[in-house]
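Q: Below are the sequence and a predicted model; questions follow.
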Amino acid sequence: MRKGKRIVVKVGTSTLTDGGRRLSPPRMVDLARQIALVRSKGVDIILVSSGAIAAGREVLNYPELPRFIPKKQMLAAVGQPRLMAMYTEYFAIYGQRVAQVLLTRADLMDRKRYLNARDTFEALLLQGILPIVNENDTVATEEIRFGDNDTLSAQVAALVEADDLILLTDQAGLYEADPRVVPGARLIREVPAEEIPDTLWEAAGGSRSGLGTGGMLTKLRAADLARRSGTTVWIAQGNEEDIIIRIVNNEKLGTRFAPMISHLEGRKRYLLAGHQVQAGVWIDKGAARALSRGGSLLPVGIIRVEGEFERGDTIRILNEQGKLIALGLTYYSSSEVQRFAGKHSDQIESILGYTFGEEVVHHNHMVFMRNGEHESA
Ligand SMILES: Nc1ncnc2c1ncn2[C@@H]1O[C@H](COP(=O)(O)OP(=O)(O)O)[C@@H](O)[C@H]1O
Ligand SMILES: N[C@@H](CCC(=O)OP(=O)(O)O)C(=O)O
(Lines give C-alpha, C1' and ligand atoms only; values in the text may rest on other atoms or scores of the structure.)
(Ligands and ions follow the chains in the order given, each with its own letter.)
Protein backbone atom coordinates (compact mmCIF):
# COMPACT_ATOMS: atom_id res chain seq x y z
CA MET A 1 0.00 0.00 0.00
CA ARG A 2 1.03 3.57 -0.67
CA LYS A 3 2.22 5.67 2.21
CA GLY A 4 3.18 9.07 0.86
CA LYS A 5 1.99 11.38 -1.84
CA ARG A 6 2.35 10.59 -5.50
CA ILE A 7 3.16 13.24 -8.09
CA VAL A 8 3.52 13.22 -11.86
CA VAL A 9 5.85 15.94 -13.16
CA LYS A 10 5.74 16.77 -16.87
CA VAL A 11 8.55 18.79 -18.47
CA GLY A 12 8.10 20.21 -21.94
CA THR A 13 10.73 20.77 -24.58
CA SER A 14 10.64 24.51 -23.93
CA THR A 15 11.78 23.94 -20.33
CA LEU A 16 14.41 21.32 -21.17
CA THR A 17 16.00 23.49 -23.83
CA ASP A 18 15.68 26.69 -21.81
CA GLY A 19 14.28 28.33 -24.90
CA GLY A 20 17.28 27.38 -27.06
CA ARG A 21 17.59 24.50 -29.47
CA ARG A 22 19.85 22.26 -27.37
CA LEU A 23 18.82 20.32 -24.30
CA SER A 24 20.18 22.25 -21.35
CA PRO A 25 22.32 20.08 -19.03
CA PRO A 26 22.14 22.59 -16.15
CA ARG A 27 18.34 22.64 -16.44
CA MET A 28 18.20 18.84 -16.41
CA VAL A 29 20.65 18.56 -13.50
CA ASP A 30 18.53 21.02 -11.56
CA LEU A 31 15.43 18.97 -12.31
CA ALA A 32 17.22 15.88 -11.00
CA ARG A 33 18.24 17.74 -7.84
CA GLN A 34 14.70 18.86 -7.08
CA ILE A 35 13.16 15.49 -7.81
CA ALA A 36 15.75 13.70 -5.67
CA LEU A 37 15.01 16.05 -2.78
CA VAL A 38 11.26 15.60 -3.01
CA ARG A 39 11.63 11.82 -3.29
CA SER A 40 13.79 11.77 -0.18
CA LYS A 41 10.72 13.02 1.73
CA GLY A 42 8.84 9.86 0.77
CA VAL A 43 6.97 11.29 -2.23
CA ASP A 44 6.60 9.01 -5.26
CA ILE A 45 7.48 10.80 -8.49
CA ILE A 46 6.90 9.90 -12.09
CA LEU A 47 8.59 12.12 -14.65
CA VAL A 48 6.98 12.58 -18.05
CA SER A 49 9.62 14.12 -20.25
CA SER A 50 9.55 15.47 -23.78
CA GLY A 51 12.78 16.31 -25.53
CA ALA A 52 13.43 13.26 -27.73
CA ILE A 53 12.93 15.21 -30.96
CA ALA A 54 15.04 18.11 -29.71
CA ALA A 55 17.78 15.65 -28.69
CA GLY A 56 17.57 13.92 -32.08
CA ARG A 57 18.03 17.20 -33.88
CA GLU A 58 21.02 17.96 -31.72
CA VAL A 59 22.63 14.61 -32.52
CA LEU A 60 22.03 15.05 -36.25
CA ASN A 61 23.27 18.63 -36.34
CA TYR A 62 19.99 20.48 -36.40
CA PRO A 63 18.08 19.45 -39.50
CA GLU A 64 14.94 21.49 -40.17
CA LEU A 65 12.01 20.35 -38.03
CA PRO A 66 10.21 18.11 -40.55
CA ARG A 67 6.46 17.98 -41.10
CA PHE A 68 6.70 14.46 -42.52
CA ILE A 69 5.76 12.22 -39.56
CA PRO A 70 8.22 9.33 -40.21
CA LYS A 71 11.03 11.88 -40.19
CA LYS A 72 9.88 13.24 -36.85
CA GLN A 73 9.71 9.67 -35.60
CA MET A 74 13.22 9.11 -36.88
CA LEU A 75 14.41 12.13 -34.88
CA ALA A 76 12.66 10.85 -31.77
CA ALA A 77 14.24 7.41 -32.24
CA VAL A 78 17.67 8.99 -32.45
CA GLY A 79 17.03 11.37 -29.57
CA GLN A 80 15.30 9.18 -26.99
CA PRO A 81 18.41 7.17 -26.01
CA ARG A 82 20.40 10.39 -25.86
CA LEU A 83 17.75 11.94 -23.61
CA MET A 84 17.78 8.88 -21.35
CA ALA A 85 21.59 8.77 -21.26
CA MET A 86 21.59 12.36 -20.01
CA TYR A 87 18.94 11.67 -17.38
CA THR A 88 20.72 8.51 -16.23
CA GLU A 89 23.92 10.49 -15.72
CA TYR A 90 22.32 13.51 -14.04
CA PHE A 91 20.07 11.57 -11.70
CA ALA A 92 23.03 9.41 -10.68
CA ILE A 93 24.68 12.55 -9.27
CA TYR A 94 21.90 12.49 -6.68
CA GLY A 95 21.97 8.72 -6.21
CA GLN A 96 18.76 8.17 -8.20
CA ARG A 97 18.13 5.25 -10.52
CA VAL A 98 15.87 5.76 -13.50
CA ALA A 99 13.83 3.64 -15.91
CA GLN A 100 12.42 4.36 -19.35
CA VAL A 101 8.70 3.83 -19.98
CA LEU A 102 7.45 4.43 -23.52
CA LEU A 103 3.70 4.43 -24.06
CA THR A 104 1.10 5.07 -26.72
CA ARG A 105 -2.58 5.80 -26.26
CA ALA A 106 -3.41 2.31 -27.51
CA ASP A 107 -1.49 0.88 -24.54
CA LEU A 108 -3.78 2.57 -22.08
CA MET A 109 -7.00 1.94 -23.99
CA ASP A 110 -6.60 -1.81 -23.79
CA ARG A 111 -7.50 -2.96 -20.26
CA LYS A 112 -4.91 -5.70 -20.12
CA ARG A 113 -2.11 -3.41 -21.23
CA TYR A 114 -3.43 -0.69 -18.91
CA LEU A 115 -3.08 -3.06 -16.01
CA ASN A 116 0.36 -4.22 -17.15
CA ALA A 117 1.55 -0.62 -17.39
CA ARG A 118 0.14 0.18 -13.96
CA ASP A 119 1.78 -2.84 -12.39
CA THR A 120 5.11 -1.90 -13.94
CA PHE A 121 4.86 1.62 -12.49
CA GLU A 122 4.05 0.16 -9.07
CA ALA A 123 6.97 -2.26 -9.27
CA LEU A 124 9.38 0.54 -10.25
CA LEU A 125 8.18 2.87 -7.49
CA LEU A 126 8.34 0.10 -4.92
CA GLN A 127 11.95 -0.49 -5.93
CA GLY A 128 12.72 3.24 -5.51
CA ILE A 129 13.32 3.76 -9.22
CA LEU A 130 12.18 6.89 -11.03
CA PRO A 131 10.06 6.10 -14.11
CA ILE A 132 10.75 8.52 -16.98
CA VAL A 133 7.91 8.40 -19.48
CA ASN A 134 7.63 9.57 -23.07
CA GLU A 135 5.36 8.76 -25.95
CA ASN A 136 6.58 5.77 -27.94
CA ASP A 137 7.01 8.05 -30.95
CA THR A 138 8.42 5.48 -33.37
CA VAL A 139 5.23 3.43 -33.45
CA ALA A 140 2.78 6.17 -32.61
CA THR A 141 0.76 6.97 -35.73
CA GLU A 142 -2.24 9.28 -35.65
CA GLU A 143 -4.83 6.74 -34.51
CA ILE A 144 -2.90 5.36 -31.57
CA ARG A 145 -0.91 8.27 -30.27
CA PHE A 146 -1.49 10.77 -27.50
CA GLY A 147 0.02 13.37 -29.80
CA ASP A 148 1.40 15.47 -26.97
CA ASN A 149 2.92 14.78 -23.62
CA ASP A 150 0.46 16.97 -21.75
CA THR A 151 -2.28 14.47 -22.55
CA LEU A 152 0.07 11.56 -21.89
CA SER A 153 0.93 12.94 -18.45
CA ALA A 154 -2.76 13.33 -17.55
CA GLN A 155 -3.41 9.72 -18.52
CA VAL A 156 -0.41 8.56 -16.52
CA ALA A 157 -1.66 10.59 -13.54
CA ALA A 158 -5.00 8.77 -13.78
CA LEU A 159 -3.27 5.41 -14.19
CA VAL A 160 -1.14 5.75 -11.07
CA GLU A 161 -3.79 7.75 -9.17
CA ALA A 162 -1.45 10.69 -8.68
CA ASP A 163 -2.34 13.27 -6.05
CA ASP A 164 -0.79 16.03 -8.14
CA LEU A 165 0.20 16.63 -11.74
CA ILE A 166 2.72 19.43 -12.30
CA LEU A 167 2.97 20.65 -15.89
CA LEU A 168 6.19 22.63 -16.25
CA THR A 169 6.47 25.01 -19.17
CA ASP A 170 8.03 28.30 -20.26
CA GLN A 171 5.26 30.47 -18.80
CA ALA A 172 4.36 31.13 -15.17
CA GLY A 173 1.02 29.41 -15.72
CA LEU A 174 -2.17 29.87 -17.67
CA TYR A 175 -2.86 33.50 -18.55
CA GLU A 176 -6.08 35.16 -19.60
CA ALA A 177 -4.44 35.51 -23.02
CA ASP A 178 -1.18 34.26 -24.56
CA PRO A 179 1.39 36.51 -22.84
CA ARG A 180 3.60 36.42 -25.94
CA VAL A 181 0.79 38.07 -27.87
CA VAL A 182 -0.79 40.16 -25.11
CA PRO A 183 1.96 41.40 -22.78
CA GLY A 184 0.47 42.24 -19.39
CA ALA A 185 -2.20 39.52 -19.62
CA ARG A 186 -3.22 38.35 -16.15
CA LEU A 187 -2.12 35.03 -14.65
CA ILE A 188 -5.00 32.80 -13.53
CA ARG A 189 -4.15 31.52 -10.06
CA GLU A 190 -6.93 29.05 -9.37
CA VAL A 191 -9.39 27.15 -11.53
CA PRO A 192 -12.24 25.91 -9.32
CA ALA A 193 -13.74 22.41 -9.50
CA GLU A 194 -16.41 23.46 -11.98
CA GLU A 195 -16.75 23.23 -15.74
CA ILE A 196 -14.10 25.34 -17.46
CA PRO A 197 -15.73 28.42 -19.01
CA ASP A 198 -15.49 29.01 -22.79
CA THR A 199 -13.49 32.19 -22.20
CA LEU A 200 -10.71 30.11 -20.66
CA TRP A 201 -10.72 27.59 -23.51
CA GLU A 202 -10.41 30.50 -25.93
CA ALA A 203 -7.54 32.02 -23.93
CA ALA A 204 -5.44 28.88 -24.25
CA GLY A 205 -3.67 29.24 -27.57
CA GLY A 206 -1.34 26.89 -29.41
CA SER A 207 2.43 26.55 -29.09
CA ARG A 208 4.63 29.40 -30.20
CA SER A 209 7.98 28.13 -29.03
CA GLY A 210 8.51 26.16 -32.28
CA LEU A 211 9.71 23.11 -30.36
CA GLY A 212 6.76 22.33 -28.13
CA THR A 213 3.75 20.52 -29.48
CA GLY A 214 0.48 21.63 -28.05
CA GLY A 215 0.83 25.04 -26.38
CA MET A 216 -1.56 25.91 -23.57
CA LEU A 217 -4.57 24.26 -25.18
CA THR A 218 -3.22 20.75 -24.67
CA LYS A 219 -2.22 21.70 -21.11
CA LEU A 220 -5.70 22.95 -20.36
CA ARG A 221 -7.23 19.79 -21.83
CA ALA A 222 -4.80 17.66 -19.84
CA ALA A 223 -5.53 19.56 -16.65
CA ASP A 224 -9.24 19.11 -17.20
CA LEU A 225 -8.81 15.37 -17.79
CA ALA A 226 -6.62 14.81 -14.74
CA ARG A 227 -8.81 16.77 -12.32
CA ARG A 228 -11.74 14.60 -13.40
CA SER A 229 -9.96 11.54 -12.08
CA GLY A 230 -9.10 13.11 -8.74
CA THR A 231 -5.73 14.79 -9.39
CA THR A 232 -4.83 18.37 -8.47
CA VAL A 233 -3.09 19.99 -11.43
CA TRP A 234 -0.52 22.79 -11.57
CA ILE A 235 0.76 24.64 -14.62
CA ALA A 236 3.97 26.41 -13.63
CA GLN A 237 7.25 27.79 -14.91
CA GLY A 238 9.98 25.19 -15.29
CA ASN A 239 12.87 27.58 -14.80
CA GLU A 240 11.59 29.21 -11.63
CA GLU A 241 13.86 28.42 -8.72
CA ASP A 242 12.96 25.23 -6.81
CA ILE A 243 9.60 25.15 -8.51
CA ILE A 244 8.79 21.49 -7.80
CA ILE A 245 9.96 21.68 -4.20
CA ARG A 246 7.92 24.83 -3.59
CA ILE A 247 4.74 23.40 -5.08
CA VAL A 248 5.14 20.28 -2.96
CA ASN A 249 5.55 22.62 0.04
CA ASN A 250 2.18 24.17 -0.79
CA GLU A 251 3.45 27.52 -2.00
CA LYS A 252 0.91 29.19 -4.23
CA LEU A 253 2.61 29.29 -7.61
CA GLY A 254 1.42 29.08 -11.18
CA THR A 255 -2.14 28.03 -11.98
CA ARG A 256 -3.83 25.46 -9.75
CA PHE A 257 -6.77 23.29 -10.86
CA ALA A 258 -8.82 21.79 -8.05
CA PRO A 259 -9.73 18.09 -8.42
CA MET A 260 -13.38 17.39 -9.27
CA ILE A 261 -13.79 13.98 -7.63
CA SER A 262 -11.92 11.69 -5.25
CA HIS A 263 -9.61 8.90 -6.43
CA LEU A 264 -12.07 6.43 -5.00
CA GLU A 265 -14.85 7.78 -7.16
CA GLY A 266 -12.51 7.80 -10.17
CA ARG A 267 -11.64 4.16 -9.59
CA LYS A 268 -15.30 3.26 -9.34
CA ARG A 269 -16.07 5.04 -12.60
CA TYR A 270 -13.23 3.25 -14.35
CA LEU A 271 -14.53 -0.09 -13.10
CA LEU A 272 -18.02 0.63 -14.31
CA ALA A 273 -17.06 2.44 -17.52
CA GLY A 274 -18.93 1.11 -20.51
CA HIS A 275 -18.99 -2.43 -19.21
CA GLN A 276 -21.95 -4.71 -19.48
CA VAL A 277 -20.45 -7.19 -17.10
CA GLN A 278 -21.62 -10.76 -17.61
CA ALA A 279 -18.77 -13.08 -16.67
CA GLY A 280 -17.53 -13.60 -13.15
CA VAL A 281 -16.78 -15.91 -10.26
CA TRP A 282 -18.79 -17.57 -7.49
CA ILE A 283 -17.16 -17.45 -4.08
CA ASP A 284 -17.66 -19.32 -0.82
CA LYS A 285 -18.93 -17.98 2.52
CA GLY A 286 -15.47 -17.41 3.95
CA ALA A 287 -14.39 -15.35 0.97
CA ALA A 288 -17.62 -13.30 1.06
CA ARG A 289 -16.98 -12.56 4.73
CA ALA A 290 -13.36 -11.59 3.98
CA LEU A 291 -14.46 -9.16 1.25
CA SER A 292 -17.02 -7.51 3.50
CA ARG A 293 -14.23 -6.95 6.05
CA GLY A 294 -11.94 -5.21 3.57
CA GLY A 295 -10.08 -8.25 2.26
CA SER A 296 -9.16 -9.10 -1.33
CA LEU A 297 -10.42 -12.05 -3.34
CA LEU A 298 -7.94 -14.94 -3.25
CA PRO A 299 -8.05 -18.13 -5.35
CA VAL A 300 -8.89 -20.25 -2.31
CA GLY A 301 -12.39 -18.76 -1.98
CA ILE A 302 -13.41 -19.22 -5.61
CA ILE A 303 -15.78 -22.11 -6.21
CA ARG A 304 -16.80 -21.56 -9.83
CA VAL A 305 -15.97 -19.51 -12.92
CA GLU A 306 -18.81 -18.25 -15.06
CA GLY A 307 -18.22 -17.10 -18.66
CA GLU A 308 -14.99 -15.85 -20.16
CA PHE A 309 -12.95 -12.84 -19.15
CA GLU A 310 -9.48 -11.40 -19.69
CA ARG A 311 -6.96 -10.00 -17.24
CA GLY A 312 -7.99 -6.38 -16.62
CA ASP A 313 -11.72 -6.93 -17.23
CA THR A 314 -14.40 -5.97 -14.76
CA ILE A 315 -16.06 -9.15 -13.49
CA ARG A 316 -19.03 -10.09 -11.31
CA ILE A 317 -18.41 -11.56 -7.88
CA LEU A 318 -21.31 -13.76 -6.73
CA ASN A 319 -21.87 -15.49 -3.40
CA GLU A 320 -22.76 -19.16 -2.92
CA GLN A 321 -26.41 -18.42 -3.67
CA GLY A 322 -25.51 -16.68 -6.92
CA LYS A 323 -26.29 -13.20 -5.56
CA LEU A 324 -24.17 -10.38 -7.00
CA ILE A 325 -22.11 -8.88 -4.17
CA ALA A 326 -19.46 -6.86 -6.00
CA LEU A 327 -17.90 -5.91 -9.31
CA GLY A 328 -14.13 -5.96 -9.52
CA LEU A 329 -11.13 -5.71 -11.78
CA THR A 330 -9.55 -9.10 -12.26
CA TYR A 331 -5.82 -9.71 -12.37
CA TYR A 332 -6.27 -13.08 -14.07
CA SER A 333 -8.25 -14.38 -17.05
CA SER A 334 -11.08 -16.90 -16.70
CA SER A 335 -8.93 -19.73 -18.05
CA GLU A 336 -6.23 -18.96 -15.49
CA VAL A 337 -8.74 -18.75 -12.63
CA GLN A 338 -10.25 -22.08 -13.73
CA ARG A 339 -6.88 -23.67 -13.19
CA PHE A 340 -6.22 -22.41 -9.67
CA ALA A 341 -9.73 -21.92 -8.20
CA GLY A 342 -9.90 -23.33 -4.67
CA LYS A 343 -6.11 -23.50 -4.33
CA HIS A 344 -3.81 -21.48 -2.10
CA SER A 345 -2.23 -18.34 -3.57
CA ASP A 346 1.28 -19.71 -3.17
CA GLN A 347 0.37 -22.42 -5.70
CA ILE A 348 -0.47 -19.93 -8.48
CA GLU A 349 3.09 -19.85 -9.74
CA SER A 350 3.56 -23.60 -9.88
CA ILE A 351 0.20 -24.06 -11.61
CA LEU A 352 0.58 -21.30 -14.23
CA GLY A 353 4.35 -21.02 -14.41
CA TYR A 354 4.11 -17.27 -13.60
CA THR A 355 2.15 -15.00 -11.28
CA PHE A 356 0.61 -11.52 -11.23
CA GLY A 357 0.34 -11.63 -7.45
CA GLU A 358 -1.68 -13.50 -4.85
CA GLU A 359 -5.01 -11.71 -5.34
CA VAL A 360 -7.50 -12.35 -8.11
CA VAL A 361 -9.29 -9.08 -7.33
CA HIS A 362 -7.73 -6.53 -5.00
CA HIS A 363 -10.09 -4.93 -2.48
CA ASN A 364 -9.23 -1.46 -3.81
CA HIS A 365 -10.58 -2.49 -7.18
CA MET A 366 -14.02 -3.62 -6.11
CA VAL A 367 -17.34 -1.84 -6.08
CA PHE A 368 -19.82 -3.39 -3.66
CA MET A 369 -23.50 -3.79 -4.44
CA ARG A 370 -26.30 -3.08 -2.02
CA ASN A 371 -29.85 -3.83 -3.13
CA GLY A 372 -28.68 -4.01 -6.72
CA GLU A 373 -27.04 -0.55 -6.53
CA HIS A 374 -23.32 0.27 -6.47
CA GLU A 375 -21.80 1.69 -3.38
CA SER A 376 -18.32 3.08 -2.77
CA ALA A 377 -15.37 0.71 -2.93
N1 LIG B 1 -3.31 31.64 -22.23
C2 LIG B 1 -2.01 31.31 -22.31
N3 LIG B 1 -1.24 31.37 -21.19
C4 LIG B 1 0.06 31.00 -21.22
N5 LIG B 1 0.71 30.59 -22.35
C6 LIG B 1 0.00 30.49 -23.50
C7 LIG B 1 -1.39 30.84 -23.53
N8 LIG B 1 -1.83 30.63 -24.78
C9 LIG B 1 -0.80 30.17 -25.50
N10 LIG B 1 0.33 30.10 -24.77
C11 LIG B 1 1.64 29.64 -25.28
O12 LIG B 1 1.90 28.29 -24.91
C13 LIG B 1 3.34 28.12 -24.85
C14 LIG B 1 3.70 26.87 -24.05
O15 LIG B 1 3.36 25.71 -24.77
P16 LIG B 1 4.47 24.76 -25.48
O17 LIG B 1 5.33 25.60 -26.37
O18 LIG B 1 3.76 23.61 -26.10
O19 LIG B 1 5.33 24.36 -24.23
P20 LIG B 1 5.91 22.98 -23.67
O21 LIG B 1 7.09 22.65 -24.52
O22 LIG B 1 6.28 23.37 -22.26
O23 LIG B 1 4.82 21.94 -23.70
C24 LIG B 1 3.80 29.42 -24.25
O25 LIG B 1 5.11 29.73 -24.61
C26 LIG B 1 2.79 30.47 -24.75
O27 LIG B 1 3.28 31.24 -25.81
N1 LIG C 1 7.44 12.96 -27.61
C2 LIG C 1 7.97 14.24 -28.10
C3 LIG C 1 7.36 15.41 -27.36
C4 LIG C 1 5.96 15.77 -27.68
C5 LIG C 1 5.47 16.96 -26.82
O6 LIG C 1 4.35 16.93 -26.31
O7 LIG C 1 6.33 18.01 -26.63
P8 LIG C 1 6.09 19.23 -25.57
O9 LIG C 1 4.93 20.09 -26.04
O10 LIG C 1 7.38 19.95 -25.57
O11 LIG C 1 5.80 18.62 -24.25
C12 LIG C 1 9.47 14.32 -27.83
O13 LIG C 1 9.97 13.66 -26.90
O14 LIG C 1 10.13 15.09 -28.52
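A: Right, received. Where do you want to start? Ligands and ions are numbered 1, 2, ... in the order given.

Q: Quick check: residue 312 touching residue 109?
A: No - using C-beta atoms under 8 Å as the test, residue 312 is too far from residue 109 to be in contact (11.2 Å). Backbone N, C-alpha and C define where each C-beta goes, glycine included.

Q: which one of these two has more residues nearby?
A: Each of residue 312 and residue 109 has its neighbours counted (other C-beta atoms under 10 Å); residue 312 has more, 18 against 11.

Q: can you tell me the helix or strand for the residue lying farthest from the centre of the chain?
A: Ranking residues of the chain by C-alpha distance from their mean position (C-alpha atoms, centre = their mean) puts residue 321 at the top, at 39.0 Å. When secondary structure is defined using DSSP states H and E, no element contains residue 321, which sits outside every helix and strand.

Q: again, but for residue 264
A: helix 263-272.

Q: which strands and helices sit next to that helix?
A: With contacts defined as 3 or more C-beta pairs under 8 Å, 6 or more residues apart in numbering; DSSP states H and E, the secondary structure elements packing on helix 263-272 are strand 324-329, strand 366-370.

Q: and the next helix or strand after that helix, which strands flank it?
A: Scanning the chain past helix 263-272 towards its C-terminal end, the next helix or strand to appear is strand 280-283 (assignment: DSSP H and E). Neighbouring strands of strand 280-283 in its sheet, by DSSP bridges, are strand 302-306 (antiparallel), strand 314-318 (parallel).

Q: which residues sit against the last one?
A: The reference is to strand 314-318. 271-272, 275, 277-283, 291, 297, 306, 309, 324-330, 361, 366 (C-beta atoms under 8 Å, 6 or more residues apart in numbering).

Q: Can you say which of those are buried?
A: Among the contacts of strand 314-318, those that count as buried by neighbour count (16 or more other C-beta atoms under 10 Å) are 271, 277, 279-283, 291, 297, 309, 325-330, 361, 366.

Q: what's the model's confidence in the top helix by length along the chain, averaged?
A: Determined from DSSP state H, the single longest helix within the chain is helix 69-93. Mean pLDDT, helix 69-93: 95.

Q: After it, which helix or strand is next?
A: The first helix or strand that comes after helix 69-93 along the chain, using DSSP H and E, is strand 97-103.

Q: Mind listing what's buried along that following strand?
A: Buried residues in strand 97-103, counted by 16+ other C-beta under 10 Å: 98-99, 101-103.

Q: partners of it in the sheet?
A: The partner list of strand 97-103 in its sheet, established with DSSP bridges, is strand 129-135 (parallel).

Q: By neighbour count, which bits of the partner strand are buried? Give me those.
A: Under 16+ other C-beta under 10 Å, the buried positions of strand 129-135 are 130-135.

Q: Going through these, which one is the model least confident about?
A: Lowest pLDDT among the buried residues of strand 129-135: residue 135, 94.

Q: residues touching that residue, list them.
A: With C-beta under 8 Å, 6+ apart, residue 135 has these contacts: 102-104, 145-147, 149, 152.

Q: Centre-most residue in this structure?
A: The chain, centroid-nearest residue using C-alpha atoms, centre = their mean: residue 156 at 1.2 Å.

Q: Okay, that one and residue 164: tell me how far apart.
A: 12 Å (C-beta to C-beta, to the nearest Å).

Q: Common neighbours of these two, please.
A: Common neighbours of residue 156 and residue 164 are listed as residue 8 (criterion: C-beta under 8 Å, 6+ apart).

Q: Report the beta-bridge partners for residue 46.
A: Using DSSP bridges, the bridge partners assigned to residue 46 are residue 8.

Q: Show me where the stretch 51-200 of the chain has its strands.
A: With strands called from DSSP state E, counting those that start in this stretch, the stretch 51-200 of the chain shows them at 97-103, 129-135, 164-169, 190-191.
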